[in-house]
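> coords below, sequence missing:
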């Protein structure tokens, strides 16, 4: 990222992070939870990605979600951590017209699952890393059933389907309850 701005409310955590950040990161300490959600408005140029995490006391994440809507650039993304515990925050973001995608899974070191939700601005268009999306995941069979390239020979076309590596191309007949087919 060209620039990262993080607002922390925990003084101890702020102290741990302060000496470890690269030069493109700005770390702000704001312990007053009434002022915490408004810190983002100090940046009138807005943000491409906003992560709503941190303090949950006093409905702080709900307040942050509301403020984030005015600070998100067109084609941006808001990430709401623990969204399954914050249904009102998720509703506010969703009802603003953002597209919600939930990711639920086990949390490291815990026996429960949690959800993080991605809220995409409708103008969001990701740039793919490769020419194919989605990319096959780790351990996936690398197949493409909708290949646009010419099929491998020998092949045969039946209706709209082209089958590659055909070993035998001959007609045959079999009996069915409705008669020969």
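Right, received. Where do you want to start? All of these numbers come straight from a predicted model, not from anything done at the bench.
> mind listing the helices in the protein by residue range?
Under the criterion DSSP state H, the chain contains helices at 11-18, 60-71, 87-95.
> Distance to residue 106 and mean pLDDT added to those, as TSV?
All C-beta atoms are positioned from the backbone trio N, CA, C, and that covers glycine. As requested, the helices of the chain are exported to TSV (distance: least, CB to CB, whole Å; pLDDT from 0 to 100):
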stretch	distance to residue 106	mean pLDDT
helix 11-18	24	94
helix 60-71	22	97
helix 87-95	20	97
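> Figure out which of those helices is closest to residue 41.
helix 60-71 (6.5 Å; CB to CB).
> and the closest one with helix 87-95, angle?
Helix 60-71 runs at 10 degrees relative to helix 87-95, counting by axes from the mean of the first three to the mean of the last three CA atoms, to 10 degrees.
> that older thread, please identify the deepest-packed of the helices of the chain.
Per residue and on average, the most neighbours among the helices of the chain fall to helix 60-71, with a mean of 20 (mean count of other CB atoms under 10 Å).
> Give the other helices and strands that that helix contacts.
Under the contact definition 3 or more CB pairs under 8 Å, 6 or more residues apart in numbering; DSSP states H and E, helix 60-71 sits against strand 47-52, strand 72-80, helix 87-95.
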